[in-house]
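> Next input, structure requested:
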Amino acid sequence: MQPLAINNKSNGYITDSSGPEEKHTKPFAEYSILAPEPALTIPKLSRRLNRLVQLAADFSIIWDLGCDHGKAGMALAINNVSREVHCIDCSRHVIARLQSLQLPINLTATCMDAASVKIHNCKDELVILAGMGSHTANKIIDGILAETGDFQASFLISLHRNHDDTVAHLAGRYGFNTTQHSEIEEKKYTYRFNLMSHQHSH
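Just a heads-up that it's a prediction; the model follows:
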């Protein structure tokens, strides 16, 4: 059971069930009712996804491109209700499965080509590219940044194939620098993470 506020924006106060003729003078914040609402639970994350979530924690607008199961995006949305999280994938099946779940209200799940995403380009905005190859990641980067000037958003890169190629692509073509780098071992595989921001954005 979670508290659910009830209010009347027309007068700033709440009228109880005794009828509209009896106006109560307590403000909204002093009234609440308990309504049945399924609890949102943070998905169980692998070590790799936990590291992604940790590195993304300081950002308030997050794009998880090629989101797959959406677990990282869901965890980021649930951990901070003021955060805006967008899960994007080109697979209709993936997005339909996500949309069938009880998603946090601050999370959107959209089926589209990630290269056509229009980011806000803010300093507190992060684009996550993880679990894909560098060819796909570089195409997405070019699509996002081709018409964007004065790069403000940051990128979090963690690729399965040719990770260094995409890091070099962001650095060489667009002037991004690595601000944080880490590696973890999971199931005998090494995962690498580069958090990158534009050299003139700070």
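> wait, doesn't K71 sit right on R48?
No. The pair K71 and R48 fails to qualify as a contact (C-beta atoms under 8 Å) at a distance of 10.5 Å. All C-beta atoms are positioned from the backbone trio N, CA, C, and that covers glycine.
> the domain parsing of the chain - what is it?
For the chain, automatic domain parsing gives the domain ranges 1-37, 47-198.
> what does the host helix or strand of R192 contact?
Assigning secondary structure by DSSP states H and E places R192 in strand 189-198. Outside of strand 189-198, the residues within contact range by C-beta atoms under 8 Å, 6 or more residues apart in numbering are 47-48, 51-52, 55, 151-152, 154-159, 163, 167, 170-171, 174-185.
> one more time with 6 Å, if that's ok
Strand 189-198 is touched from outside by 48, 51, 55, 151, 154-158, 163, 167, 170, 175-176, 178-184, with contacts defined as C-beta atoms under 6 Å, 6 or more residues apart in numbering.
> can you list the domains of the chain in TSV and add mean neighbour count?
TSV is the format used below for those (neighbours: other C-beta atoms under 10 Å):
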stretch	mean neighbour count
domain 1-37	10
domain 47-198	18
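> coming back round to it: dump the strand holding R192 to PDB, restricted to CA.
Output of strand 189-198 as PDB, limited to C-alpha atoms (Å, rounded to 0.1, in the frame of the first residue of the first chain):
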ATOM      1  CA  TYR A 189      34.900 -12.100 -19.300                       C
ATOM      2  CA  THR A 190      36.400  -8.600 -18.900                       C
ATOM      3  CA  TYR A 191      34.000  -5.700 -19.300                       C
ATOM      4  CA  ARG A 192      35.300  -2.200 -19.900                       C
ATOM      5  CA  PHE A 193      33.600   1.100 -19.200                       C
ATOM      6  CA  ASN A 194      34.500   4.600 -20.500                       C
ATOM      7  CA  LEU A 195      32.500   7.600 -19.300                       C
ATOM      8  CA  MET A 196      33.300  10.400 -21.900                       C
ATOM      9  CA  SER A 197      32.500  14.100 -22.000                       C
ATOM     10  CA  HIS A 198      33.400  16.800 -24.500                       C
END
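> Give the partner strands of that strand in its sheet and their orientations.
Strand pairing for strand 189-198, determined by DSSP bridges: strand 154-158 (antiparallel), strand 176-186 (antiparallel).
> Output those in CSV, with distance to S82 and mean pLDDT appended to each entry.
Formatted as CSV, the strands paired with strand 189-198 follow (distance: least, C-beta to C-beta, whole Å; pLDDT from 0 to 100):
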stretch, distance to S82, mean pLDDT
strand 154-158, 18, 97
strand 176-186, 23, 94
